[in-house]
Each structure stands twice: as structure tokens, then as C-alpha cells.
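A.B. asks: from the sequence below, what's the structure:
(5 chains, ligands or ions: 4)
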Amino acid sequence: LGGSGSDSEAFVYAFGRSPTEVQFNIFRQSNFAHSLQDQTHHYIAKGDITGNVWPDLPTSLSTDGNTLVIEFPEDYSWWSGDDLTAEDYWTYLEIRRLQDPEASHIKDNVLVDDYTIERTFKGNVSSDLMRADLTDQTFGKLTTPRWIYKEYLERLQDATTQKERDGVLDDLRNMQIPIDQLSEEGLGNGPYKVVDWSDNDTAFELYEDHPLAEQTNVKQVRLVSELATENIRAMEVNNELDMYPEGLIGEVDRDDYPDNLQNWKEIDWFRMQKITFNWENEHLAKRPVRRAITHALDLHPMVDAAVEAGLVGKPPALQTGIRSSIHEKYLGKGWVDQLIEYPIEADEAGAVEQLEKAGYTRENGTVLDENGNPVEFTFLTNDGQFQSSTGVVVSDQLESFGFGMDVTTVGSTDYYQRLEQYDHDMWWIWHVAAALWHPTSYFSNDFYGVEVGDPNSDSETGVTGIPFELEIPSEVGAETTDGDSVTIEPAQLMTDLPVASSQKEVKEITRTLVQWFNFDLPNLTWIEERNGSWGDVKAYDFPSGDEENVKLDMDRPGETALMHCWIDRAK
Amino acid sequence: MTETDELDFEELFDDDTEREPPSRSARLKRTLDLTVLAPLRIALHDWRAVVAGTILLLYGLMGTVGVWLATKPSSGDYPKLQGPFQELAYPLGTDLYGRSILDQIIYATPDMFRMIFAGAVVAVGVAAVVGLLSGFMRGTAIDAVLMMLADIIITIPGLPLIIVITAIFQPTNPYVVGVFLGVDMWPGLARTVRSQVLSIREESYVEASQIMGLPTPSILRRDVAGQLMPFILVNASLTSRRVIFESVSLYFLGILPFTTYNWGVLMNLAYQENALTRSELLPWLVFPMITIILMSFAFVLLSQAMDAIFNVRLQARHAETIDEEEVTG
Amino acid sequence: MTDDVAIEIRDLDVTFGVERGESNVVRSVDFDVYREETLGIVGESGSGKSMVALSLLDAIPEPGTVSGEVTYYPETGDPVSVLDLDPEELRRFRWEQVAMVFQGAMTSFNPVLSIREHFRETLQDHGYDVPEGMERGREILEQLYLDPDRVLDSHPHELSGGMQQRTLIALSLLLEPEVLLLDEPTAALDLLMQRSIIDLLREIRATFDLTLVFITHDLPLLTKIADRMAVMYAFDFVEVAETDQLLYHSAHPYTRALLSTTPDLTTPPGEIRTIEGNKPDPVEYISGCSYHPRCPMDEEKCHSVEPGLTTVGPEHEASCHYHGDVADNVPIRNKPRGGVDE
Amino acid sequence: MTFTFVLYQSMPGGPAEAMRAMILAESGQVGGSVDLNLLNQMVEHYANVNPDKPLHVQYYDYLHSLIVQGDMGTSIYQGEPVLDLILQSVPWTMFIGVYALALGYTVSLFLGAAMAYKERSLFDSVSSIGVIFLNSVPYYIFAIVLVYVLGIEYSLFPIDGRYGTFVDPGFTLEFMGSVVWHATLPVVSMGILATGGALTMRGNAIRVLGDDYVRVAELRGLRRSRVAMQYVGRNSVLPLYTQFMIGIAGVLSSTVVVEEIFAYNGMGKLLYDAVLLHDYPVLMGTLLVFTTITLLAIYIADLTYGYIDPRISTGDSND
Amino acid sequence: MSKPLLSMEDVTVEFNSHDGLLDAFSDEDPVRAVDDVSLDIEENDVVALIGESGCGKSTLGKTAIGAQRPTSGSVSYRGQDIWDAREGRGEVRVPFEEIRRSLQIIHQDPGSALNPNQRVLTSLMLPLKRWQPELSYEERQERILTLLEHVGMSPAEDFVNRYPHQLSGGEQQRVVLVRSLLVNPDVILADEAISALDVSLRVEMMDIMLELQSVFDTSYLFISHDLSNARYIAQQADGRIAVMYLGRIVEAGPVDEILENPQHPYTKVLKWATPELYEDVEADIPIREIDVPDPTDPPSGCRFHTRCPKARAACRESHPESYGVGPDHDSHCFRSDETHDYWESEPLHD
Ligand SMILES: Nc1ncnc2c1ncn2[C@@H]1O[C@H](COP(=O)(O)OP(=O)(O)OP(=O)(O)O)[C@@H](O)[C@H]1O
Ligand SMILES: Nc1ncnc2c1ncn2[C@@H]1O[C@H](COP(=O)(O)OP(=O)(O)OP(=O)(O)O)[C@@H](O)[C@H]1O
Ligand SMILES: [Mg+2]
Ligand SMILES: [Mg+2]
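C.D. replies: Ligands and ions are numbered 1, 2, ... in the order given. Below is the predicted model of the structure:
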């Protein structure tokens, strides 16, 4: 049984998919391949918990007007020995742009020299957003050796019609880079290179030519693929893992885990979880009903249930739609204080009061609408992890309050398919679209965010029944539109947000959206998660993040540390 | 019928007419004794039937009275993750959300019965009809088509087929789930029924009934179905076990959507929450398992006992209205 | 007939425990089989004929138990007490000394083995020389009007009933036993085949110097082969005599009833009579003469005193208190053509 | 086949949606999020793999290339020829399947025979109850229990994978050992599917023991061992033969669950994943192979039954 | 002479050994179980059909009572073709219903002729209910009990509530007989009806059958492979014996004729094979071949020629037709024709 026992030299940790199932052509990602690419290729940029974006591999990301300048270090190379240059990344950027040059928001990408790229946006974009454009968990890595992708880029450049371009793209997407090719041809660029693999493990060896290689004494790394095995937790409990790069040891697990495993880095994560209200339901379309539900729910048991399933986090104090840790940066302290405060614990009386505003009553523990009919909702959830727990707790709470609840639980693949059919009244989905502590990742107009729908469509409401145009009070924190009100277009605002031309505009749009969210409660956010990484702190020295030149307040601190050679075997 | 025949009959029957016809109630008593009480008496003599009956009765009670007695499990009812055998309110402990595990098991029972019922009825019913039909139409096109259909379904591996079917229809209604599960099970049975019918058809009493001009439905019912009955019931019992197995496996794999409790769902949830390495979650996994095993154990036992219960030889021995002494042959 | 005894049976009992109690299916039987004679045993179904035969091989099926003495006197060598043999000795004894052709040949062969394999395994397990034995087997088959090549290569189901029966006879003679027990070897066959087999057996008996014990309930057939006949009723022998003696001077009312219930081609139908009453139950014990409930000359004495086999003539024993009066009270239904009634 | 083709075509959502959902589900599980726009772009590509030809044309195309070129198409998801994927996994599934079946049936047959010989003894009743009990345990529950007891609590057996990490496949002792080692738990869990055979065997053997030819064989003074093997054994195993072959279908079905539980990369897992991903070509391919194997097994059973049981000269032993 | 009650003309019955779909392709020869047979049964008649196993007796019998469809030839009941009546062809003078009721069967194995799951009463009630629905339950039961007592099963009340397995073979056979008589048939096919019974019971059973014949005016087609039984029942009823060999009737005639004056060598062989209690052992087997030829591939010409001790070359050539050798006595043997080529041809020897 593998484990650190058999090759005790290696640093063992668990993550991602089976190496034999994924392949490394970023344009044809499948099988959740990025989970492995995280260990083989460097990121370009990463956001941190304060909402700032930092260069990861590049030495700097500077902005000037609509231009973003990316400078690459000169001492990096691919495992093949070829120099790693700006052209490698430029090739990727250009392929992306040329997929559909008209639709792209990029004007051009210029390869200034071997180590510099100038990237110019078509419109005015705030500098934060220009940088943020480079971050993405899935695609924000330098995975494209120029000699492999050059051919496709040239063909794209030669293509004149969209049809020709699509043809090239099809070819590109059919191209595959399986792990044996990656290893043999040296197509990775991380400090640890792939030397062996099996169905569910990948073995890495320190790549001595990597500029950071000297910093660490960990020569061998073994990655157990989390998705290909069933016994990760058994390995953890049996002390067979040295690190988990993303995830904390929760309270519930603490007793089961050996003492040498400790959370060595904790962060306020970007992720939140929410319950979506489908406005297509006649009751949920009514604001007082949504507010009543919010009053009726006690967020603590929901969070507790999630915690039981291994999540770490706490309920948000305010329904703003964005994470409280970035309130200050985008909303300002004083402004936030004016927002409506909904109870976190259950407030039955408040809930009934809200219901009455809609003309509803609660009799003998049953909520009746204005016509005296019982109010019933369908709830969709999946059977995996904490999602089912939440489903159970939410529906039980609402049921005991007096709503009729009909919960359907489906398997997780089915869940995401069913989710997008919008055939339920409430469901469950996480609330954030990108690994970025930025309003755009929360107010994204899709089911990760506050989905409204396509504002350019002909209808008046989006898929979830939310109108494209609606009224909110002008005054922040007002509970009704009885006073002054303004008409806003949330869907449009969410489309505008990622291309806001200035930090000021970002803030403005964000405030409007937050106010709307707070007033209308299109969704209910119920947990702000914490994350981080745990490891065998006896056997290894992990960075705390306070060291010089060490930046760990970002997503996946474990991987970040490993990819920067910040982990050492304890002496 | 000619005149003379009539006469002979009358003569013969006039011989002694003072015979007292049995009263209606005596007849009723006899029928009751033979069709209900005798099998029951055998069942009571057969430990398998007794055990199976007791277990199933318990489950039956669980699914009826139990549901009525138990509180509908709801999160936060009790402290979470309590161990079993500590409190009367949750004898088997509680789950992650503080729901009584016993209550959940109890609440899952009616649906399980519905599923079993639908599955067994479909599998055994279709099998019986198809088997009878093609057995009686041996050699005709109907027979060929039915058997071809059965063969085709036999060769498609069952579970994958069901997975696909359920993936398409995403049934949540227990009856529908039962029906889907039954769909995969009828062909094998139908084949066996057919071969049984073929051999029963060779029995001379069937031929005799035909020659006596008894109507075909009556022959089917009395001569064929009567013989098939034990076989059909044994298989209904075994099919029930399979329905339990397969439905639970589908819920366990998370393929079937579910709206309420099911033992497989409990297992699924517990398993997903790493019950195998979190000892405090084990009851959540283990008790549904035991429930499943016990119920299928009852069905397997029942199927074994069924042979005895429907054995007329034993029935005769246990019937009170037949005196036993002069039993020869 | 010689007094050279081949098998001596003393006080043989066979019982089965059944639900209703003890089922006594052979009751204190004393009996001798003479060397090289052909003994016919008749009796109605269930009278215990097969059980007696099986006892000779200590082969009463479970859960039956057998007690008493069965002594086998081989032509050369010491007497063998069959019921006391150890399992290995018994195994060798069976088929080498005494072989048996079972009721119903169709079920006597292993359906999945060819006839050749049946022959070979029999030779092998008894340590006989296989090629030599097979050669002998072929000769016997030929004597029985069978084509050895075809038969040996066949599987049992490929042979007709008559062929199977003859093959089984051949198999029983393979190890040249001294005694051959035949338990209704012809019951399932057509008349023509029955009669043919009887004729073949007669020939073979001569060639192999066999002692034959032939069990059947077909009286007329038995008269065509038996030197001596024994009649069984209610789990014991009621009359033993040489064939002609039995046919013409039977001294037991049951034997006489049996003779007159058998239809044949010549007896006027009116003379054929049936035996009234039910057959005896092996569990119940009938006191006195076991036949008295059905006997037309049933007297007081018959109810209480067991008659036992008594000598009524040369080589003729019968168990009837009134054997002297039988001839007058129970007429044999037709005038025997050959014999003279004294 | 037509049937399954139609069935799969009627599954809601195409492969693209399924794949998208899969990636979403996994990102939810591992944490993090996905840029939906990019994901959609990428996933769209897969939707184009199956151009919207009318169904019957697709069906014809599929049949044509299957029969003419032996081509089962390419996995939408993995991009590899379905045939390759199947060829890689079939041996593993056959290995554990046949191993399980052989082991399960051998044990149950001997047990059944032993029970029959000792009919009504204590051994018989205890084993009967034992077998009935095993019969009532779903194989996957058995698997979970095995995982828990032997895999996790006592760490005696590996609980996932097909062979040890970084053991290089080849005809080395290490590899073989590792393969057998890893197969143990799946095989044992599937093996209990065969325990029902013990009761059937017991019944058969009791019946055969009462048959005349067995009694005659004893009267013939044959050796006990020969009577046991050639007479009782052979004749009571015979009726089980077709059941055994058809059992292959059952065992193959069970691999779907068992391989999933043990993360064993075989056909069952391939099929299961294909169902989740709506990867039609793989689905069709695996199902075709499953069906073919079953058919083949039944066919072989039919053909060889005549040899094993000389009473059946023609092939209609199905009746 | 009036029209026979039941008459078969040139009846042939063939069986394909398989009749599945696939077997359309197999070219296996059909078995001709009955080959061109004509036979009449009169009112109150007893015809005993004898022959070796597999020679087609049952098939012929079932064809006679309309339970087996002839491949060719016709079967008629009181002049009405049974199969025409059944299918409503032509003018139907006697409805099939009545034909169905009039022709009944008693099977060889009484054990399997009764539904093992039904009590005797039920088994007997059903036909009565079918044919005399106007009777009340009590009346039906009355008849059944009376009839059962008539065949010596008393107390009948006790017997009717038993299951078949609780009856002895003889009793089962009586129940079967009663069942067929209850519907008041004209012809009963007794297919080896006594062979399964103990020797001592056979005569008794035949006596019962004969006795009831006088009450019910029934005719019997009595199938047996035992000449002495056939003789017993046929002679009592003044009936006839028909001898069958491989699908053909080779000799038919009044009992005494057949026994005293057998014409066909096969009849003679059967006579030889029927041992007499008081008769001396005869010398040799009077046939050349013990085993019956394969019915799927019957010998040419006279089918008996392969075993016939008197066979000559001519017998191989053609099938002998019927030669009348006495009143109502026919034989299918060339030897009955003194002028036949047979006498000139070479005897067959092995
Ligand atoms: N296994 C058994 N258990 C109980 N009783 C048995 C068993 N085998 C035989 N008997 C009884 O033993 C008695 C004698 O049987 P046996 O077989 O010797 O009769 P038989 O004279 O050979 O009859 P048949 O002519 O029918 O062969 C019968 O009453 C039968 O019921
Ligand atoms: N249903 C059938 N299908 C095929 N062949 C049949 C069928 N019934 C009878 N036969 C064949 O027809 C021939 C005559 O059979 P039948 O049963 O009429 O003979 P039988 O004289 O009654 O023999 P037995 O004395 O054994 O009852 C036999 O060769 C038999 O194999
Ligand atoms: Mg016997
Ligand atoms: Mg017949």
C-alpha cells in the first residue's frame, strides 16, 4: 500500500485526477486536467485574499493605459532544457485572441522581446481587471511550449475567415499531449518533473535546472490522485500523506487525524455557498417571501452540517453577495453599515411578519398564500459531500416553519445538468466564479454568480425569472421602494462589471449590485469558507507566509509553496 | 345425448339417493381449511417460514404502524452523531444532522415495499404471461418473437441497462423504480416459466382436461398456473431480494434521484461522508446495511420455505378436514 | 436339485423408520439359494422382494437397517458372512461374487458416461485386466444379440430400452460372478423383448454356470425360466417349491389366488378371479397368518398363530395351517393341462 | 444493439453537457471554480463531434464502421479510439470476473456437495443458513465490509487500483503478485454472487444421490472416489453449467459497481463513467463488448453442453 | 351394416421431431407414427390395439378421439368428420362440442392424469360443470359420489376430498375412469390404462371397465402391449383385436380369430411372446432380429420383413395390402394370398 512508507524519500500528497486519464493540451482539457497541470506548470498570475493580483511566474505585471506589460524571468527553462520565454505565453495569448478576433476584448498581444509581452485591450479597463484577466484556475498557467503550438498559431494567422479559423481550432482541440509525451519531451516547467506514473499516482523528481531548485531539499514528490482513489481519507488517518494542498483539517476530523498533521496555512477563501431562489415560482417571485425564508432559516445549523462534511467557514454577517473580506476595498465601511441586516439565527416572528406583507398567513404550522393554499417548494440538491447536508437542513427548517418542501437529490453529474434546466424552485450552488477575491467573480451572470440571464434577449426576465429591469430604493438600506427608487438593470451591470474602465466604476457598479442583492435577495449566501493547507509539520518545514518574498495568501497555498520550492524536509 | 343414456344415468343415480349433501358452511370451512389454514400450518412447522414470516411481519409493521409511531426525521431533532443504544428516542443513534437513524430506516420502509411490489409484479407478472403465452404457443411466431426479445434482454448486462434507463427517466416514484428494475428481471424467469409450461403441457392431466373440453382459461388457471404457483412465488420472493439489491445499489451509487429516505440513500450519504474512516458515522452506514441484509435474508428464507408451503402432500397432511390414516400410494 | 447351498439367509429383517413408526419390510426370512439353480421370486408390488435381494449385497438404502445373517458359500474358499464385511471387502464382494441387475435399466447407467467407460471402470475398480475383460465383455454382448462396437461407443440414452437391459446384463456378467440377482429386469419392456431376454438368459445361465435369482411379479414369464419358485407375501416367503410343483400343487391360498388372477391367452375369462382386499401395510403387524385378512379359508387359528414355512412335499414348503385343504377350498382357476391333480 | 442505441440517444443532455457537468462537479469537489466562458468554448467542441445527422443515418454509420472496419469510434471524452480503451480494460475485467466466478463456484460447488453428502447433519444445517445468509448480502455491501475490515482496519489488502503504484507492468513476479494482491478484495466480493450455487448444488447432489445409477454404481463395487466424482459430482454439476455461463452476465454487471468501489480500471468503470459522461461511443462500445461476452458465454455453453452432457446432442439446452 | 360410431380412413400421422423456427432449415426426416391406417369402432364395441412400444398405438388412439390431428386421412364420428366439425368446414351435422364430449381418454399413468394440486372432487366437478351446467352443486356431487361408490371406492365422501397422491394407483385409475364416464362419452380411449397397475389389480380394473360399459353403452379403444390383457377385455366384450407394427395395422379381427388363427407372422410372434402359465418352454426365438428398427427410417416394403422368420425377397419390395382371411378378419401379409409372387421369391436369411 504505497504511502510514504515505500519510498520514504518522497513528499507525498493528494490531489486531482488520474495522470493516465488527463492530457496536457490546454485547449483540449478534459478530465479535470488542470488539477495535474497545477503541479507541472507555473501560474501566470494569482489573486490574493485582499483582491490584488500578483504575478506568479512573470517578474512583473505593469499597466499603462489600456496596455498590460508582462515580463518574464530569464532563468527558467522547460524540462526539455529549452528556454522558457515570453513567446511561449504569447503563443497561447494569440491563439486565444485569434479564435475570434472580432469578439475578443484584446486588441493585440505584442512580443516585445524574448521576455516581454505587451497586451493591449480594446476598451478602457481598470488595471486590476487587466491583471485579473490573466488569472484562472484552469487556463491561467503557462502550459504551451511554443514549438508545439506554433504550427496552429501560424495557421490561425493565415486564416482569413472564421470558418477557416474554426477548422484550425478543431485540429488544435483534437491534438493530445498525454502524460508520457509530457514526460518524454519535457513539456512541463515546474520545479518537479514527472518521472513515473500509474493509474492513480504520479512521481516527480526535483528538476535541478529550475532556478528555485536549490532552495529545497525535497528531491522527490509523489502525487496521489485524489479522484482516482477511494481511500484518501484512510491514507490521511493512517498518516500516509505529507500534505494536502487545498483544504484544512476541520474540527470534525481533528480527532481522527494524527497530531503531526496540522493546518500550516489558513486563508479567508474566496468561495461562498448560496441557495438560489427561482423567481419563476410565483411565491419566490415575491420579495417578502424570499425575505421570510431568510428570516425563517437559521444559518448556523447549515454551516454546522457543512462543517461536518469537512468544510471550514462561518455564516456571512450581511447579505451582500460578495465576501466580507473585500467589503472594505469595494464598498467602504460606512456604506456597508447602512445595509439591511437579516437575522442569521431563525426569526420566526420576523418571518411571519414578512409573509404577512405578501398577504400570506401561517396557520397551524402551515404557510398559506393569499388564496389560502399551502405554499410548497421543490428543492434540488446532489448527494455529494456537504451539498446534501445543506439540502437536508434547509428543507427541514423550512418544513418545520411551515413551507411544504419536496427535496430531490441526484448524483453530482446529473445535478449540474439538472441545475441548468431551472426546473426547481430552490437549489444549491457555490457562489463565486473565479479564484479571485473580486466582485466580478461573485456578480457573474451565470449560476456561479447571481444569474439573471442574457440582457440582450427579447424577454423581460431571465432564466430564473429575475426581470432585466427592476426597481430598488435609492436610499441604501431602505426596506421598501415606497420612498425614492431607481431602476436598475442587474444583468447589464454584471456584464459591464468585468470591463469596467476604472477602479471607480468597478466600485460603483459593485455598490449598486450589492444594494440590489441586499434588498431583493435573489439568492441567499450562507457560508463564507476558509481554506488553506495542512501538512506533516513534524517531518517538513512549511512556510508561514510571513517570510520575505513568500506570498501565500492566495488560493492553494500548498501548491504555491511547493511550486516555489518553499517546503523543506525538517532536519 | 341420447335418450337411453339419460335413462342409464338416472337409474344409476337412483340407486341410493338418501345421501346428505354437505352444508354450505361445511363446504366453506373445508375450503378455508384447505386453502388457507393448511398452508399456514405447514408454514408454522417450517422454521424458515416462521423466521421469514416474523421478519417480514416486523418490516411490514415498520412500514405501517412504524411510520405512524416514529416521528418524521428532521435535522436537529436530536444531538448529532450519537452512538447507538444510548437513548430511547434514537435507539440506533443519530446521523450527521441529528436525525434518528431508526426513524430514517423506518421511514424508508414503505417506499421499499412499494418498489419491491412493483418490481416483483412486473418481473414475475410479465415473466408468467410471456412464459405461459410462448409455452402454449410453442413453435409459433409469437413464441419466437417473445423468446427472442427475452434473449436479447438477457444478454444485455442488467445493471448497466438499468443505469441507462434510470439516467434517462430519472424516476423518483418508487413504483416506477420498481418497474424499471423488474424490466431487467423478467426474461430469465420467462424462459424458465416457458420450459415449465412445456413440461406441464406434456403431463397427461392437461391433455385430459383438453379432451374433456374444459375451456382453455380454466386449463391455464387450474392445471398450468396451479402447478406454476410455487415456482412463481418462489421467484417473486427472489425477485424481491433482487429489487432490494439493485435499487439499493442504484441509490448507493447515486444514480437514482431520491426525494425521501431509502436505505441505499442512507448508505450513500454515510459512505460519501467517509463513514468507513469516521467511526462515529459507522452506525449510519451499518444499520441500513443490516436492515437490507435482514430483509433479503427473509425473502431468501421465504423462497426456500415456499416449496414446502405449496407442496400439496404437506398440505394434505396438515389439513384437518382430510383424515389422514388411509393415505396410501 | 442339489443341496449345494450358495447363499444362506437366516432370520433376515429389514426395517425403515418412517413417520408413522417402524416399517418392517422384510420379516424374519429364512431362506436358501442353491448353487446353479434359477430361483424365481414372485409377489405383489411392495411385498419386499427387492429388499431381500438387496440384503444379499448388504445394500439396503438409507435409512433402512438390515439384521440377521447372510452367508455366501463360494465354490471354492471359505464362507463369507456378507453383512459383516468391511467396506472394502464388501466393495470387492459386490459384482465379483454376486452381481445384480436392477429394476429399470434406463436409470442404471450413468447418463454422461459411454457404455465402454462403464465396462472399463468396473474392470479397473476391481483390479481386473482391462483389455482381457473388455474382450470378454464383447463376447457377452454378442451372445446377447448386440453389436459390441456400436453398443460400447454409445451413451446409454442412445440405446433402446431392450438394448440397455441386455447391456446391463452383459455388464453384470463382466466379472464372472457366481450369482446373478435379477430384479424385474424385464418389467419395463415389451412382451417380445421380455420373452427374448428370458430366452437369452437361459442360454447364458448354461454358459456361465450361473446361479440366478429372478424377481418379478409376472408369473407366467417366471415359469419359463425358474427351476424353483418362491412366493412372497407381506414381507416373507409363504411358499417355496419347484416350478411345476408350485403351478400344479400349490399349497398356499395366496399362491393359488395369484395363479388364478393372471390372465393368459387360453383361460376362459370367467375363470380369472381377482384377489379381494388391500395389500398389507409394512408398518402394521398382522398377527397370526399374514394372509388371513384376505384368505377365503380364514379360521380362528389363522388370527393368532403364525404358520411358518413347513414342508408339504419334496422340495416344497408352504406356510399355511390348512395346506392340506387348500386344493379343495381355493381352486386354481383352470385345469392344468400337463399335471395331474391328486 | 439497436435497442441500446436508441436508449442512449434518448438520454437527456448530450456528451458536451455531461462533460461540462462533470468538470463542474469535480471542481466543486476539489474546490475552486472554472471560467465558464472558456469551459463552454472548450466543451462546445465536443458537441460537434456528433453532427446532427438524423438518427438512422448515425446508426447506419455506426454499424457500417463497426462491421466493415471494426471501428467503434472515438471516445468523445478521452479522444482515444474506443477499441483501444476497451482492449486496455477488458483483460482486467475478465480477469477479476472469471477469477471471481471460478473461485465462487468452485467453493460453492464443493460446499454444496459436502452439504448433500451430510444431508440433515449439523454441518448441513449450519452451512445452509450460512449460504442463505451470504445470499442475502448484496455483493457491494460485502465489498464495503471487506474494504472496512481487511483494507482499512487491518490494512491487509489494497483497496483500490489494479496493481501497485509504479510497479511496471510486465511478466515480472512483482507485477503478477501485485495484480493478484489488488484483485483479491474485488474478486472475493464478486465471488459471493456465486454462493447461490451451493444450494442448487446441494439440491442437485441430493437428487443425484437418490438416482438409481448411483446405487447401481455402489452395487457394482466401484470405488467411492469414482462414484463421488464421476457419478454424483458430474451429474449434479451439469444442470449448473448453463447457469454458470449465464452467471457471467451477472458478474459482468456487478463489475460496474465493484470496479467503482475499488477504483479498478476495468470495463465496468469505463462503462459507468461513460454513462455519467454520455460518452456514447464508449457506452456503445462497452455495452457491445459486454453483450458480446455474454452472448459468447451463452453460445459456448450451448455448444459445449453437448460434449459435457451427451444426452443433449443439439444446441437447444436453453429450453 | 349401420354407420360405425367412429371411423378412421387412411389416417397418416407424421411428427417432425422439432418444430421450432430454426428447424425449418433442418432436413430431419419426419417420423411417420401412423401410416395409412383405417379402423372402425362400432357402438358398444371394444377394440384392443396391441403392438410393441413405439409402434404408434397411442398416436393412432389419440387421432381416433380427435386429440391428434392426422396429417392425412379422415376421422369421423357418426359420419361427421371431426376436423371439419372443429373448424366449421362444410356442413356440420354433429357439433364439435358433442364430439368433444363423446370421445374421452384414460391415460396410462393414472398418477399424472390427475392434477396433483386438485382434490379428487374438483377434478371430477370440472367436467361435469362444463357439460351439465344445469346441475346444482349438490346434484353434481351426488353423481360423483354415486359413481365412485359404483367403482368400489367407498366411502366416497372420504375419497373425494383427497389429493391424488393420497390414492393408490388402482384408486387413481378408477377416478380417472369415473372422470371420463361422467361426461357420458361414446368412446373411451384406454391408453395402456392398466399397465401401470399391479398384476393383481389389472383384472379387477378391466372388470370394472366392462361393467360400466354395460351401464353407459360406451365403446373402448383399448391399447395394450400385452396380448393376454387385450384378449381378456376384448373377449369379454366380444370385441376385436388389432395388431400394429411400426405405424401400420398388420392384422385385425375378432378375438378368437386372432388367437386361434393368427395370419400375420408378427401376430404369431406376439403370441409366442405371451407366456402361458401352463405351457412348456418353447425352443427358439421365432424372430430374426430382437430389436425394433428405427421408426424414423422404417424398412421398405413390409415393415416386418427385417425380423420376420418367413420373410422373402418380395417382402422387401412392396407393402402388402389387406387380405381378408375370414369374417371381419384382415391380414397384411402376402402369405395370406396364395397366388402372390412371394411364394416364388427367395427367403431372406441373415
Ligand atoms: N426407502 C424406503 N423407506 C421406507 N420404506 C421403503 C423404502 N424402500 C422401500 N420401502 C418399502 O419396503 C417395502 C418393500 O419394498 P420392495 O422394493 O422390496 O418391494 P418389491 O416387492 O420389490 O416391489 P416391486 O415389485 O414394486 O418392486 C415396500 O412396502 C416399500 O414401501
Ligand atoms: N409428439 C411427438 N413428436 C414427435 N414424435 C412423436 C410424438 N409422439 C409420438 N412420436 C413418435 O411416434 C412414434 C409412435 O409413438 P406412440 O406414442 O404412438 O407409440 P406407442 O405405440 O403408443 O408406444 P408406447 O407403447 O411406448 O406407448 C414413436 O416413434 C414416437 O417417438
Ligand atoms: Mg422391487
Ligand atoms: Mg403409447
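
A.B. asks: the stretch 101-250 of chain B: helices as residue ranges?
C.D. replies: B:101-136, B:141-155, B:158-169, B:174-202, B:204-211, B:216-218, B:226-253 (DSSP state H, counting those that start in this stretch).

A.B. asks: run the chain-centre distance for the fifth one.
C.D. replies: Okay, so that is helix B:204-211. Centre-to-centre, helix B:204-211 and its host chain are 30 Å apart (C-alpha atoms, centre = their mean, to the nearest Å).

A.B. asks: what helices or strands is that helix leaning on?
C.D. replies: strand E:103-106, helix E:110-113, helix E:169-182 (3 or more C-beta pairs under 8 Å, 6 or more residues apart in numbering or on different chains; DSSP states H and E). (Glycine included, C-beta is placed from N, CA and C.)

A.B. asks: circling back: let me have the helices of the stretch 101-250 of chain B in TSV, adding mean pLDDT, mean neighbour count and distance to residue D:300 as columns.
C.D. replies: Listed next are the helices of the stretch 101-250 of chain B as TSV, based on pLDDT from 0 to 100; neighbours: other C-beta atoms under 10 Å in any protein chain shown; distance: least, C-beta to C-beta, whole Å:
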stretch	mean pLDDT	mean neighbour count	distance to residue D:300
helix B:101-136	90	23	25
helix B:141-155	85	17	13
helix B:158-169	79	21	20
helix B:174-202	86	21	18
helix B:204-211	88	23	35
helix B:216-218	85	11	39
helix B:226-253	86	23	25
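
A.B. asks: which stretch in the helices and strands packed on helix B:204-211 has the least confidence?
C.D. replies: Ranked by mean pLDDT, those bottom out at helix E:110-113, with a mean of 84.

A.B. asks: the next helix or strand after that one to helix B:204-211, inter-axis angle?
C.D. replies: Note on helix E:110-113: by DSSP states H and E, the next helix or strand toward the C-terminus is helix E:120-131. Here the directions of helix E:120-131 and helix B:204-211 differ by 20 degrees (axes from the mean of the first three to the mean of the last three C-alpha atoms, to 10 degrees).

A.B. asks: beta-bridge partners for residue A:362, please?
C.D. replies: Beta-bridge pairing for residue A:362 (DSSP bridges): residue A:367.

A.B. asks: apart from its neighbours in sequence, what residue is nearest residue 197?
C.D. replies: You didn't say which chain, so I picked chain A. Among residues not flanking residue A:197 along the chain, residue A:19 sits closest, at 4.2 Å (C-beta to C-beta, 6 or more residues apart in numbering or on different chains).

A.B. asks: right idea, wrong chain: chain B
C.D. replies: residue B:135 (2.8 Å).

A.B. asks: my guess is the one you found contacts residue B:196. True?
C.D. replies: Yes. Shown here, residue B:135 and residue B:196 form a contact pair, counting by C-beta atoms under 8 Å, at 7.4 Å.

A.B. asks: looking at the helices and strands packed on helix B:204-211, which is buried most?
C.D. replies: For the helices and strands packed on helix B:204-211, average neighbour numbers computed from mean count of other C-beta atoms under 10 Å in any protein chain shown are highest in strand E:103-106, which has a mean of 28.

A.B. asks: using CSV, write out every CA atom in that strand.
C.D. replies: Provided in CSV are the C-alpha atoms of strand E:103-106 (Å, rounded to 0.1, in the frame of the first residue of the first chain):
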residue,chain,number,x,y,z
LEU,E,103,-64.6,-39.1,-27.1
GLN,E,104,-62.7,-39.5,-23.9
ILE,E,105,-59.4,-40.8,-22.7
ILE,E,106,-57.9,-42.7,-19.8
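
A.B. asks: tell me the helices and strands packed up against that strand.
C.D. replies: Using 3+ C-beta pairs under 8 Å, 6+ apart, the elements in contact with strand E:103-106 are helix B:204-211, helix E:57-64, helix E:169-182, strand E:187-191.

A.B. asks: distance from the chain centre to that strand, please.
C.D. replies: 11 Å.

A.B. asks: contacts for it, please.
C.D. replies: Contact partners of strand E:103-106, identified using C-beta atoms under 8 Å, 6 or more residues apart in numbering or on different chains, comprise B:207-208, B:211-212, E:6, E:61-62, E:64-67, E:77, E:113, E:173, E:176-177, E:180-181, E:183, E:185-191, E:193.
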